[in-house]
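S.K.: need coordinates for the following:
(one chain, ligands or ions: 1)
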Amino acid sequence: MRPPSGGGPAIEAVDLVKTYGKGDGAVQAVRGVSFAAQPGTILGLLGPNGAGKSTTVKILTTLSVADSGTATVAGIDVAKNPAGVRRAIGYVPQKPCFDRNLTARENLTLQGKIYGMGRADLRQRVGDILEQFSLTEAAGRVTTKLSGGQQRKLDVALALIHRPPVLFLDEPTTGLDPEARTELWAAIAGLASSGELTVLLTTHYLEEADHLADQLVIVDRGVVVASGTPDELKDSLDGDTIQVRLASPESAKQAHDILTAIPGIDHGLVDGTEVRARVANGGAALPGAIAALDGAGVQLVSFSVARPSLDQVYLRYAGRSFQSTDTDRKEGAA
Ligand SMILES: Nc1ncnc2c1ncn2[C@@H]1O[C@H](COP(=O)(O)OP(=O)(O)OP(=O)(O)O)[C@@H](O)[C@H]1O
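M.R.: Reported below is the predicted structural model:
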């Protein structure tokens, strides 16, 4: 299948609204979300846990029905023709979806049969897709004997077996170690590079969104707070980011307080042993900032001036730091 003809977006959401439950217990998961992904691009839906990303994806993949609003995928209306949408998409949910008792090759073959693919085409396709995801050598192994990264790649391969023009990846790298994450990033970037596949991926990793997405839609508490390319979003913030690395998290907190007390330095964030803050002109602020830290006896590991990062973008548009939203989540989960 190819992307929709006629030049329209591959994915379009217009004013989607979804509330779970009723009365006092009602949760407004999605509160008027709109965006569009052009064919052959990767759109990153970025937001902390509970922002409404999965709910939006569920509506677009026909697993859930919106209370209001409209959406098309591959030019097909999700509400009017859900079966058509399901044929046009691949969907990788957060949890693995392969059969643990079968091998990678058997899983792919079974999936292809479910989509009604012919025997010769399917055999060729399974071979090609195993190759594409560097799974050929592991193809004969029962899936439980694959590494976490290989299992995740198999999930993506399964979603693509029927050559859909649109792929949805819901937090594809959650739980993967850094090496497996980097490998999956390369595979995802490779998928979209042909220009024939449109990918929507949800993530709460700023780095992942920055690295992979052509276009970002930042969601928070069910609404879109900003959208654009990663560069556009960073450029929309005037000024520079100063980044200071300290020897310990305690020193980082101390450095944060000292720096943000300096007029013109604001929006400070502490991330482990690093402090980041915004300033109109990083070069001009540098001597004063270093002198203030030095005067307080705070030992620096490094100090640099950089372009704004996505967490600064998030802070500016969502009105709170990305780290704090993640901390809220962890505390809520505890
Ligand atoms: N089936 C459901 N019933 C009730 N509330 C729900 C349901 N599914 C999601 N929610 C709530 O809706 C809100 C949005 O959830 P959603 O899963 O869409 O967010 P998310 O951004 O995908 O988060 P995560 O990264 O944790 O998957 C949250 O407050 C969540 O608790």
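S.K.: residue numbers of the stretch 201-334 of the chain in contact with the ligand?
M.R.: residue 204 (C-beta under 6 Å from any ligand atom). Every residue, glycine included, has its C-beta placed from N, CA and C.
S.K.: so where is the stretch 201-334 of the chain shaky, pLDDT-wise?
M.R.: The stretch 201-334 of the chain contains residues with pLDDT under 70 at 323-334.
S.K.: at 90 what do you get?
M.R.: For the stretch 201-334 of the chain, the stretches flagged by pLDDT under 90 are 203-211, 231, 234-243, 264, 266-269, 271, 276-287, 299, 304-334.
S.K.: and the stretch 1-150 of the chain, which residues reach the ligand?
M.R.: 20, 21, 27, 29, 47, 49, 50, 51, 52, 53, 54, 55.
S.K.: how far away is the third one from residue 318?
M.R.: Put plainly, it is residue 27. 19 Å (C-beta to C-beta, to the nearest Å).
S.K.: quick one, which of the two is more surrounded?
M.R.: residue 318 (21 against 13; other C-beta atoms under 10 Å).
S.K.: any idea how far that one lies from residue 183?
M.R.: Taking C-beta to C-beta, one finds residue 318 at 30 Å from residue 183.
S.K.: closest point of the stretch 201-334 of the chain to the ligand, which residue?
M.R.: In the stretch 201-334 of the chain, the residue that lies nearest the ligand is residue 204 (5.5 Å; C-beta to the nearest ligand atom).
S.K.: leaving out the residues flanking it, which one is nearest to that residue?
M.R.: Closest residue in space to residue 204, ignoring its immediate chain neighbours: residue 48 at 5.5 Å, by C-beta to C-beta, 6 or more residues apart in numbering.
S.K.: backbone phi and psi for the one you found, please?
M.R.: The phi/psi pair for residue 48 (degrees, to the nearest 10) reads phi -70, psi 170.
S.K.: right, and it touches residue 220 too?
M.R.: Yes. Between residue 48 and residue 220 there is a contact at 7.0 Å, judged by C-beta atoms under 8 Å.
S.K.: all helices for the stretch 1-150 of the chain, in order.
M.R.: 53-60, 82-88, 104-114, 119-132, 148-160 (DSSP state H, counting those that start in this stretch).
S.K.: I'd like these laid out as JSON lines, including mean pLDDT.
M.R.: As requested, the helices of the stretch 1-150 of the chain are exported to JSON lines (pLDDT from 0 to 100):
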{"stretch": "helix 53-60", "mean pLDDT": "95"}
{"stretch": "helix 82-88", "mean pLDDT": "96"}
{"stretch": "helix 104-114", "mean pLDDT": "96"}
{"stretch": "helix 119-132", "mean pLDDT": "95"}
{"stretch": "helix 148-160", "mean pLDDT": "94"}
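S.K.: out of those, which one sits most buried?
M.R.: helix 53-60 (a mean of 24; mean count of other C-beta atoms under 10 Å).
S.K.: so how far is that one off the chain centroid?
M.R.: Centre-to-centre, helix 53-60 and its host chain are 13 Å apart (C-alpha atoms, centre = their mean, to the nearest Å).
S.K.: now stretch 298-306
M.R.: 29 Å.
S.K.: C-alpha coordinates for it, PDB please?
M.R.: The C-alpha atoms that make up stretch 298-306 are tabulated as PDB, following Å, rounded to 0.1, in the frame of the first residue of the first chain:
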ATOM      1  CA  VAL A 298      30.700  25.900  44.200                       C
ATOM      2  CA  GLN A 299      33.000  23.700  42.200                       C
ATOM      3  CA  LEU A 300      32.200  23.400  38.500                       C
ATOM      4  CA  VAL A 301      32.900  20.400  36.400                       C
ATOM      5  CA  SER A 302      32.000  22.200  33.200                       C
ATOM      6  CA  PHE A 303      30.100  25.300  32.000                       C
ATOM      7  CA  SER A 304      28.800  25.800  28.500                       C
ATOM      8  CA  VAL A 305      26.400  27.900  26.500                       C
ATOM      9  CA  ALA A 306      24.100  26.100  24.000                       C
END
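S.K.: now what about it, what contacts it?
M.R.: 240-247, 251, 254-255, 258, 273, 282-283, 286, 289-290, 293 (C-beta atoms under 8 Å, 6 or more residues apart in numbering).
S.K.: mind listing what's buried along that stretch?
M.R.: By neighbour count on 16 or more other C-beta atoms under 10 Å, the buried set for stretch 298-306 is 298, 303, 305.
S.K.: what's the answer for stretch 66-73, then?
M.R.: Taking 16+ other C-beta under 10 Å as the criterion, stretch 66-73 shows 66, 69, 71, 72, 73 as buried.
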